[in-house]
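> Let me see the structure of the following:
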Amino acid sequence: MVNRGPGPDDRRDKDAQDGVAQEHASADVDMTSPEVDHTQETNIAESNTTRQISDINVRLEEHREDIKENNGMIAYIGNAQYYFEGMIDKFEDTINKHCSDCDRKLKKISRNLGDMSSTSQIKAARELHQNKGQDEMRKTNEALSSENARLKEQVEKQDAAIKQLTSTVTDLMGRFAKLESTVDCKEAERKLSELEV
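As a prediction, the model looks like this:
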């Protein structure tokens, strides 16, 4: 967040110091002059009130801009997280489909091998087909392992991205809490309304 200079407490301290200095100045005038310049006091009070109203308006506008910016960031992060979660679901579905295909192929090979083993006359053919089946199964497993490794790497990257987004959301929530503790907009608007009256 951009550093916007002295905070509300610093301004209140400065206003208090200015008020004390003005009281001393007024006291000095009273000591040297038998007549009190009520017009000057009224002008000073109006000047202080105008400055306070201006300071409150500036702080309110700054906080409105910060809140608007944070709302935009949270909306963007929420959309990104929704998109990444959809991609992860798609990867999981792809992995499950590959596993199902592998299981179906293995069962088919097992049934074929069982059918061939029931006849002794085709024992040699069964062994040949078994070898071919094992070779096919090995190739299939290698292809699935490679695909699963690639998908797993992508899922890990997406998990890392989601963790980063979660951390960003947590940071934004902290910034909101800090804004709320710094100034209560409703209370500030109430004070502004009273001053303007």
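> CA only for contacts and neighbour counts going forward, please
Fine.
> Which elements pack onto the helix or strand where residue 66 lies?
With the criterion set as DSSP states H and E, the secondary-structure element containing residue 66 is helix 38-117. Helix 38-117 is packed against helix 123-182, helix 185-196, with contacts defined by 3 or more CA pairs under 8 Å, 6 or more residues apart in numbering; DSSP states H and E.
> and the angle for that helix with helix 123-182?
Counting by axes from the mean of the first three to the mean of the last three CA atoms, to 10 degrees, helix 38-117 lies at 170 degrees to helix 123-182.
> State the mean pLDDT of helix 38-117.
Rounded to a whole number, the mean pLDDT of helix 38-117 is 80.
> Also stretch 171-183?
Along stretch 171-183, the predicted local confidence has a mean pLDDT of 66.
> any idea which of the helices and strands packed on helix 38-117 scores lowest on pLDDT?
helix 185-196 (a mean of 63).
> gap between residue 44 and residue 51?
With distances defined as CA to CA, to the nearest Å, the gap from residue 44 to residue 51 amounts to 10 Å.
> Identify the contacts common to the two.
In the contact map built from CA atoms under 8 Å, 6 or more residues apart in numbering, no residue is linked to both residue 44 and residue 51.
> any idea how far residue 45 lies from residue 174?
Counting by CA to CA, the separation of residue 45 from residue 174 is 38 Å.
> Check residue 78 too.
Between residue 78 and residue 174 the distance, using CA to CA, works out to 17 Å.
> Please consider this matter closed, and thank you.
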